[in-house]
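1. Using only what follows, build the 3D model:
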Amino acid sequence: MKKLDQDDAPAFGLATGTKASEKQLHDATARLSFRRSRDVLPTKITTSRLTLRAPIRGDVPALVALADNKNIASRLSRLPSPYTRADAIGFVEIFAQRADERPYAITLNGTDLIGVVGFSYAMGQYPELGYWLGEPHWGKGIMSEAVKGLLEAAFATSHYPVVRARALTDNAASIHVLEKAGFRKTGEAEMDRFGTNQGKPIFQFRLERPR
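-> Numbers count the residues shown, from 1 in each chain. All right, here's what the predicted structure looks like:
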């Protein structure tokens, strides 16, 4: 059997190592990119009626009281139902700290949490907007105001050339919020996340940063 000499061995190892290294570098760059997109957002965003801030442990009672609602869970892709205290603690202490998520607690005049708005990040994709609002606060333009405030803050950076969103085709309220914010429909698909709404038809939306 032929023995590899010194010229053969490095060439073989370099080819294999370079391919793996390129993938690792690509993945690391992508992770850094969406972490940067997350971290350039302000810690607090204020609008005429609202303050958007990071979720805190003190939000747990309000999260349970508002999110444990089938009328909300039936419109979302990944909200647990029933929504328990453990879910709320996990949201504040784990989910909200992840590098691929940036949720904001929506507070009315700086008081208790009344909903959540934020971005999710995935490698190779533009950030995706998501939100929910406690049912007692529906129909008052609050979510449109929160979305507008978050988008303006995001577009003020150089890291959000495009924002994506999606909504169930029968969720007229969410579709109205997106269209009011300037999103346009780009197609239809099926909900691809696990949960009660998996497989249901959705509209896909896209919004480009104003020039």
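2. where exactly do the helices run in the chain?
-> With helices called from DSSP state H, the chain shows them at 8-39, 60-67, 70-73, 85-93, 142-155, 172-180.
3. looking just at contacts, which helices and strands does the fourth one meet?
-> Here helix 85-93 is seen to pack against helix 60-67 when contacts are counted using 3 or more Cβ pairs under 8 Å, 6 or more residues apart in numbering; DSSP states H and E. Every C-beta, even on glycine, is put in place using the N, C-alpha and C of the backbone.
4. send the alpha carbons of the helix it packs on over as PDB?
-> Extracted C-alpha coordinates of helix 60-67, given in PDB (Å, rounded to 0.1, in the frame of the first residue of the first chain):
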ATOM      1  CA  VAL A  60     -45.400  37.100  35.100                       C
ATOM      2  CA  PRO A  61     -48.900  37.700  36.700                       C
ATOM      3  CA  ALA A  62     -50.000  39.900  33.700                       C
ATOM      4  CA  LEU A  63     -48.600  37.400  31.200                       C
ATOM      5  CA  VAL A  64     -50.600  34.600  32.800                       C
ATOM      6  CA  ALA A  65     -53.800  36.700  33.100                       C
ATOM      7  CA  LEU A  66     -53.700  37.800  29.500                       C
ATOM      8  CA  ALA A  67     -52.000  35.100  27.500                       C
END
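5. gap between the closest residue to Arg53 other than its chain neighbours and Ser174?
-> Once flanking residues are discounted, Arg53 sits nearest to Lys44: 4.9 Å by Cβ to Cβ, 6 or more residues apart in numbering. For Lys44, the distance to Ser174 equals 25 Å [Cβ to Cβ, to the nearest Å].
6. Can you pick out the residue with more neighbours from the two?
-> Ser174 (22 against 13; other Cβ atoms under 10 Å).
7. Show me the shaky parts of this protein.
-> For the chain, applying pLDDT under 70 flags the ranges 1-17, 20-34, 193-196.
8. Can you tell me how far the most centrally placed residue in it is from Ser81?
-> By Cα atoms, centre = their mean, the chain has its centre lying nearest to Ser120, at 2.2 Å. Distance from Ser120 to Ser81, counting by Cβ to Cβ: 19 Å.
9. Ok, Val60 next?
-> In terms of Cβ to Cβ, Val60 sits 17 Å off from Ser81.
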